[in-house]
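Q: Requesting a structural model of the entry that follows:
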Amino acid sequence: MPSRFSSSRMLKALRVAGLGALALFAASATSQTAVTTTGFENPEYRYSVALPTGCRHEEGPGTLEAVCSVELDPDKSAEASAASSLVMEVVAEPVPDDAGKAPSALAQNFGEGQFRQELPETVCGESDDSRVKIDNVDKAVEETRVVYTASVTCPGIKFLALGERRATARYLITPGLRYRLMARALSEDYEQRKDAIDAFFSSFKVLAQDKRN
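A: Below is the predicted model of the structure:
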C-alpha cells in the first residue's frame with residue numbers, strides 16, 4: 001500500500017498542548033553545552049517530543065519542524081534556510097487500515113523496501129535514488145510496532161552552493177498511525193550538534209490512546 005509520507009503536508013495543524021520548557025542535557029564529542037528544549041504534545045496524533053528552544057519551530061498540517069542554526073541561536077535560527085541548517089522534523093500520518101494490526105502485519109503493509117524507496121525524496125528532496133547514499137538500515141519488530149532506522153547522505157546542490165548533507169531517519173509503524181522522524185544537517189555540522197539530534201530522537205514518545213502525558 002503506498003504511503004502518504006511523501007505527499008504534501010497533511011491534515012489539520014498540530015496543537016501544542018503545553019508541556020512547557022524542558023531541560024535535556026547531552027554531551028557530544030565536540031560540545032558539552034546543555035541543550036535547552038521545549039516540549040510539544042499532540043493528543044490527536046498521540047505523541048510527545050522535545051525540540052531545541054533555540055530553533056525556529058514551524059507547524060503545518062500533520063507536521064512539526066525545527067529549523068536551527070548550528071549554534072542554536074534564536075536570532076540566527078529565525079533567518080536560517082532549512083536547506084542548509086540543522087532540521088528536525090516529525091510527520092504523523094493516520095493509516096486507518098492498520099488499526100489493531102500486529103507488528104507482523106504492519107511490516108507487510110510497510111516493508112523495508114518501501115522505507116528505503118522513500119528516503120531519497122523525503123529526507124533529501126532528491127528524485128534520483130542513485131545520488132543518495134543509505135547506510136546502517138535497521139529494522140526492529142517490537143511488541144506493538146515496527147521501527148525502521150537509517151543513515152542517509154544527501155548530495156550537494158550546486159545551484160545553491162550547498163555541500164553534502166547528512167541525516168538520520170526513523171519511521172515508526174504503529175497500529176493506525178505512522179510517524180517519520182528526521183534530523184538533517186550539513187555534514188560538517190552534523191557531529192557538532194549530535195547532542196541536540198540524539199536528544200530529539202530520545203525524547204519522542206508514542207502516547208497511549210487513553211493518556212495525554
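
Q: neighbours around residue 197, how many?
A: Using other CB atoms under 10 Å, residue 197 has 23 neighbouring residues. Glycine gets a C-beta too; all of them are placed from N, C-alpha and C.

Q: Need the per-residue pLDDT for it.
A: Predicted confidence (pLDDT) at residue 197: the value is 96.

Q: Also residue 13?
A: 31.

Q: ok, now residue 18?
A: So residue 18 comes in at 32 (pLDDT).

Q: just residue 76 next, same as before
A: Confidence score, pLDDT, at residue 76: 96.

Q: The longest helix anywhere in the chain - what's its average pLDDT?
A: Once the chain is assigned using DSSP state H, the helix that runs over the most residues is helix 112-124. Taken as a whole, helix 112-124 carries a mean pLDDT of 96.

Q: Contacts for that helix, please.
A: For helix 112-124, contacts defined as CB atoms under 8 Å, 6 or more residues apart in numbering pick out 3, 5-6, 126-129, 131-132, 134, 137, 139, 148, 150, 152, 154-155, 165, 167, 169, 171, 180, 182, 184.

Q: repeat that with 7 Å
A: 3, 5-6, 126-127, 129, 132, 134, 137, 139, 148, 150, 152, 154, 167, 169, 171, 180, 182, 184 (CB atoms under 7 Å, 6 or more residues apart in numbering).

Q: which of those are buried?
A: Buried subset of those (neighbour count, 16 or more other CB atoms under 10 Å): 3, 5, 126, 132, 134, 148, 150, 152, 154, 167, 169, 171, 180, 182, 184.

Q: Mind checking which of the residues you listed are in helices?
A: Judged by DSSP H, the subset of the buried ones among the contacts of helix 112-124 located in helices is empty.

Q: list the buried ones in the longest helix of the chain?
A: Within helix 112-124, judged by 16+ other CB under 10 Å, the buried ones are 115, 116, 118, 119, 120, 122, 123, 124.
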